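Student: next come a sequence and a model predicted from it.
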Amino acid sequence: MTAPRPSPSLTPRLVFEMMTAERAVRRWIDARGGGTGIGAAGAGVLFYLHANDHALVGDVTAALCASPSGMSGLITRLEKAGFVAKNPDESDARAVRLTLTPLGREAASTARTVVRDLNTHLTEDFTPAELDVVARWLSHAATLTP
């Protein structure tokens with residue numbers, strides 16, 4: 001015999017809460033971009049390239065768990081804004097590598113400050129043990145596959 005299900009009013013609304021939080025975090029980052037026009041998704045690309053300059057577009061896409069079409073549009077916007085440069089791969093002309101421009105490095109620095117401030121704000125009033133549980137749950141959620 002299976003245990004009775006809790007009533008819907010008592011069931012945690014984790015998916016709803018997670019998606020609401022994700023939108024709030026994106027809005028927070030977008031509003032504090034310092035006029036760079038770099039949103040949360042763009043900041044992710046800049047952070048990745050800061051640590052992995054000259055990365056293949058496919059590697060950036062995989063690292064950010066993005067769709068190829070979504071990443072293509074984002075990279076085009078970042079390139080037009082002067083944050084990244086696209087260059088053909090030396091060993092495979094079909095492949096494209098991304099490089100941060102000086103403007104991109106500056107925007108990455110601004111975004112890093114914004115994210116550091118956000119992390120400080122998000123972790124206020126939580127114990128390290130509570131944050132460990134949150135991090136474990138989010139890591140678990142990130143491993144879900146369709």
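Tutor: Structure received.
Student: just the helices in the chain please.
Tutor: 14-31, 40-51, 57-63, 68-80, 102-123, 128-142 (DSSP state H).
Student: point out where the protein drops to low pLDDT.
Tutor: 1-11 (pLDDT under 70).
Student: change it to 80
Tutor: Within the chain, the ranges that satisfy pLDDT under 80 run 1-12, 33-37, 146.
Student: centre-most residue in the protein?
Tutor: residue 44 (4.4 Å; Cα atoms, centre = their mean).
Student: I'd say that one and residue 64 touch.
Tutor: Yes - at 5.0 Å, residue 44 counts as touching residue 64 under the criterion of Cβ atoms under 8 Å. (Each C-beta comes from the backbone N, C-alpha and C, glycine too.)
Student: hmm, back to that, mind putting the helices of the chain into a markdown table with distance to residue 94?
Tutor: As requested, these are exported to a markdown table (distance: least, Cβ to Cβ, whole Å):
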| stretch | distance to residue 94 |
| --- | --- |
| helix 14-31 | 33 |
| helix 40-51 | 20 |
| helix 57-63 | 11 |
| helix 68-80 | 14 |
| helix 102-123 | 24 |
| helix 128-142 | 30 |
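Student: which stretch among those comes nearest residue 93?
Tutor: helix 57-63 (13.6 Å; Cβ to Cβ).
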